[in-house]
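Asks: Make a model of this:
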Amino acid sequence: MDYFGVHVDVPYPAPRGFAEARLEAFGAALCDPAKGLSLRADQIRLKRWDDLFGYELSAQFFGDNGTLTRTADRIKFGVRSARTAADWTIIRNTLVRFYQLCDFDPKTVTALSMHAHGKFPSVEERDVFLQRFSYSPLVNRPATLGYVTILDWEKDIRVLIEQSNVMPGGVFVTWDTQFVNSQDWEPFVSSLPTLMDNSANLFDLGFEPFREAV
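Replies: Reported below is the predicted structural model:
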């Protein structure tokens with residue numbers, strides 16, 4: 001993988017009013033270096049336009065490549081433009097802390113989206129790989145979409161593979177799936193790269209491990 005990212009979206013069972021959300025305490029918890037995300041106060045912003053459900057707390061971090069947004073009906077967390085094994089370690093630890101901090105109802109469900117740009121040895125090899133998914137000479141840029149099942153994963157995984165628009169000779173792969181928020185977060189989050197690799201392998205596409213350095 002040359003560039004990768006992770007995004008999670010967790011809807012609440014019911015909208016949370018401004019008072020119930022206790023956003024001042026939540027923001028302080030995000031700044032906690034031991035149990036939170038170790039954010040600075042100036043990285044967190046709150047917009048409020050109604051006394052009931054009209055609010056949005058947002059945070060940016062990791063050089064604006066990390067985002068967190070909390071509204072009355074959901075919370076979202078995402079990181080993009082990561083590249084190395086060290087980047088993944090930071091993302092993994094931050095994502096684990098995010099779930100531990102939010103302490104979701106175990107009946108709630110996360111929508112998980114991951115993406116990666118991967119480079120082939122040459123443009124020609126990339127094109128040969130994608131061409132197997134073309135069923136007509138009129139298809140100019142072939143791609144493939146499939147729903148795969150992985151052992152011990154509770155939901156199907158939607159996998160999309162297409163030509164990368166940012167990396168010459170590369171492919172862009174997205175993975176979309178869901179899981180309930182009742183996991184043992186440390187090993188669960190650590191398994192996500194394996195999930196990505198195993199599901200992509202079903203399309204005869206493999207990724208090298210995260211690199212140690214750029």
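
Asks: Mind listing what's buried along stretch 73-86?
Replies: 75-79, 82-83 (16 or more other C-beta atoms under 10 Å). Where C-beta positions appear, they are placed from N, C-alpha and C, glycine not excepted.

Asks: any low-confidence regions in the chain?
Replies: 1, 209-214 (pLDDT under 70).

Asks: the strands in this protein, which residues?
Replies: In the chain, the segments counted as strands under DSSP state E are 3-11, 44-48, 55-61, 66-71, 74-82, 109-119, 144-148, 157-163, 170-180.

Asks: Residue 29 is nearest to which of those strands?
Replies: strand 44-48 (10.7 Å; C-beta to C-beta).

Asks: Show residues contacting the closest one.
Replies: Applying C-beta atoms under 8 Å, 6 or more residues apart in numbering, the external contacts of strand 44-48 come out as 18, 23, 27, 30-31, 54-59.

Asks: wait, which of the buried residues of stretch 73-86 is closest to residue 2?
Replies: Using C-beta to C-beta, residue 83 comes nearest to residue 2 of those, at 6.6 Å.

Asks: Tell me how far the residue of the chain most remote from its centre lies from residue 131.
Replies: Ranked by distance from the centre of the chain (C-alpha atoms, centre = their mean), the top residue is residue 137, with 34.6 Å. Plainly put, residue 137 is 11 Å away from residue 131 if you go by C-beta to C-beta, to the nearest Å.

Asks: Tell me how far the top helix by length along the chain lies from the chain's centre.
Replies: In the chain, assigned by DSSP state H, the helix with the most residues is helix 85-102. On the basis of C-alpha atoms, centre = their mean, to the nearest Å, helix 85-102 sits 11 Å off its chain's mean C-alpha point.

Asks: Now do the same contact list for residue 7.
Replies: Contacts of residue 7 (C-beta under 8 Å, 6+ apart): 76-80, 112-114.

Asks: Same list, the residues you listed, but as TSV with distance to residue 43 please.
Replies: Putting these into TSV (distance: C-beta to C-beta, whole Å) gives the following:
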residue	distance to residue 43
76	16
77	14
78	15
79	14
80	16
112	24
113	23
114	24
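
Asks: For residue 14, state which of those is nearest.
Replies: Nearest to residue 14 among the contacts of residue 7, counting by C-beta to C-beta, is residue 76 at 17.5 Å.

Asks: I'd assumed residue 8 was in contact with that closest one.
Replies: Yes - contact criterion C-beta atoms under 8 Å: residue 76 and residue 8 qualify, at 6.9 Å.

Asks: how many neighbours does the residue lying closest to residue 15 once chain neighbours are set aside have?
Replies: Once flanking residues are discounted, residue 15 sits nearest to residue 72: 4.4 Å by C-beta to C-beta, 6 or more residues apart in numbering. Other residues near residue 72 number 18, with proximity taken as other C-beta atoms under 10 Å.

Asks: Equivalent analysis for residue 25, please.
Replies: Neighbours of residue 25 under the rule other C-beta under 10 Å: 9.

Asks: Residue 73: what's it in contact with?
Replies: 11-12, 15-16, 53.
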